[in-house]
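Colleague: Starting from these lines, generate the structure:
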Amino acid sequence: MAYALRLGLDVLFGIPSIVYGAFAFSVMVALGIRASLLGGIIVETLLIIPIMARSMDEVARTAPRDLLEAAYSLGATRLEAAKILARQTAPAIATATLLSVGRAMGDAAGVMFTAGFTDYVPESLTDKAATLPLAVFFQLSSPKADVQARAFAAAVVLTAIVLALSLTGRLAMRWFSKNKV
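Modeller: Coordinates of the predicted model:
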């Protein structure tokens, strides 16, 4: 069962985001739902789940088995042993989480189908929305200088978010590594 689940997650991990978007769009059309922020959120969530699940599975499989055996030999309960294992694998789990969030942030193809595109900030989950990569792409193709300036501003914001995520990841890694067992 575990082999089949890992194989399924590997297949889902390798599917390009545009396929996720096209599939979600087909489902949305069949259900009579129009492009919206909620559709984009759902397709990005479906894109992230296999990445996180597979990464965390690999982390759990590479955790030292001796650590659990030592905890059990000292009389630890299953919950206490799980806490020890969680503290040991926390840096890698934080990395897996940041990698999947980073992939979702940079994804434009899946969201293009499901969330649509607009220059306006959505006010509800049913409004159309645009990701920053899509905004940069569409606005740079405009002949108007002020629209192109917004594209460069969106690129700077995207770069700042990636920088903030990277710094947060490094701080989390340092903090989790410091608190290892």
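
Colleague: Contacts for the strand or helix carrying residue 30 next, please.
Modeller: Counting by DSSP states H and E, the element that carries residue 30 is helix 17-31. Identification of contacts with helix 17-31 by CB atoms under 8 Å, 6 or more residues apart in numbering yields 34-35, 39, 42-43, 46-47, 107, 109-114. Every residue, glycine included, has its C-beta placed from N, CA and C.

Colleague: Buried residues of stretch 23-30, list them for me.
Modeller: Residues of stretch 23-30 classed as buried by neighbour count (16 or more other CB atoms under 10 Å): 23-25, 28.

Colleague: want to throw the residues you listed into CSV with pLDDT?
Modeller: Converted to CSV, the buried residues of stretch 23-30 look like this (pLDDT from 0 to 100):
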residue, pLDDT
23, 88
24, 87
25, 86
28, 86
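
Colleague: out of those, which one sits closest to residue 100?
Modeller: residue 24 (17.5 Å; CB to CB).

Colleague: Tell me the spacing between that closest one and residue 167.
Modeller: Residue 24 sits 32 Å away from residue 167, going by CB to CB, to the nearest Å.

Colleague: One more: residue 6?
Modeller: The gap separating residue 6 from residue 167 is 32 Å, by CB to CB.

Colleague: of the two, who's got more company?
Modeller: Between residue 6 and residue 167, counting by other CB atoms under 10 Å, residue 6 is the more crowded of the two (15 against 10).

Colleague: host element of the closest residue to that one other than its chain neighbours?
Modeller: Counting by CB to CB, 6 or more residues apart in numbering, residue 6 lies nearest to residue 57, which is 6.6 Å off, once chain neighbours are set aside. Per DSSP H and E: residue 57 is located in helix 37-62.

Colleague: got the angle for that helix vs helix 17-31?
Modeller: With axes from the mean of the first three to the mean of the last three CA atoms, to 10 degrees applied, the angle from helix 37-62 to helix 17-31 works out at 130 degrees.

Colleague: Counting by contacts, list what helix 37-62 packs against.
Modeller: With contacts defined as 3 or more CB pairs under 8 Å, 6 or more residues apart in numbering; DSSP states H and E, the packing partners of helix 37-62 are helix 2-14, helix 17-31, helix 78-106, helix 109-114.

Colleague: Would you single out the least confident of these?
Modeller: Between those, the one with the least mean pLDDT is helix 109-114; it has a mean of 77.

Colleague: contact partners of that helix?
Modeller: By CB under 8 Å, 6+ apart, the list of residues contacting helix 109-114 reads 16-18, 20-22, 24-25, 28, 35-36, 39-40, 42-44, 47, 129-131, 134.

Colleague: now swap in stretch 149-163 and tell me
Modeller: Contacts for stretch 149-163 (CB under 8 Å, 6+ apart): 102, 105, 119, 132-133, 135-136, 138-140, 142.
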